[in-house]
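1. Pasted the sequence and its predicted model underneath.
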Amino acid sequence: MPRIRILQSIAGTDFSWAPGEVVEVSKEGAAAWADGERAELVSDGKETAGAEKAAARSRGGGRSRRAETRTE
């Protein structure tokens with residue numbers, strides 16, 4: 001079965017995937033999910049290399065530009 005690396009959180013009625021997670025799906029599922037925005041295909045032997053970077057890149061890669069302050 002093909003494997004995909006999750007780039008954005010995805011959840012359904014009987015599953016939930018977090019960014020950086022590698023999951024096995026059917027060929028049809030891999031074709032549907034691995035669009036480069038929600039997930040990407042994983043080649044054998046590279047399922048953990050770069051997962052954190054890919055997940056961070058999909059989230060914008062770091063802190064926000066403005067510091068959040070509260071004045072109450």
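-> Right, received. Where do you want to start? From a predicted model like this one, the values you see are computed outputs, not experimental measurements.

2. what sits against G29?
-> P2, I4 (C-beta atoms under 8 Å, 6 or more residues apart in numbering). C-betas here are computed from N, CA, C, even on glycine.

3. helix/strand/coil for it?
-> With DSSP: H, G, I helix; E, B strand; the rest coil as the basis, G29 sits in helix.

4. Give me the distance between it and R38.
-> 11 Å (C-beta to C-beta, to the nearest Å).

5. Give me the local confidence score for G61.
-> Listed pLDDT for G61 reads 54.

6. give me the low-pLDDT residue ranges for the chain?
-> 45-72 (pLDDT under 70).

7. Tell me where it has strands.
-> Ranges of strands in the chain, per DSSP state E, are 3-6, 10-11, 16-17, 22-24, 39-42.

8. The first one packs against which elements?
-> In terms of contacts (3 or more C-beta pairs under 8 Å, 6 or more residues apart in numbering; DSSP states H and E), strand 3-6 is packed against strand 22-24, helix 27-33, strand 39-42, helix 51-59.
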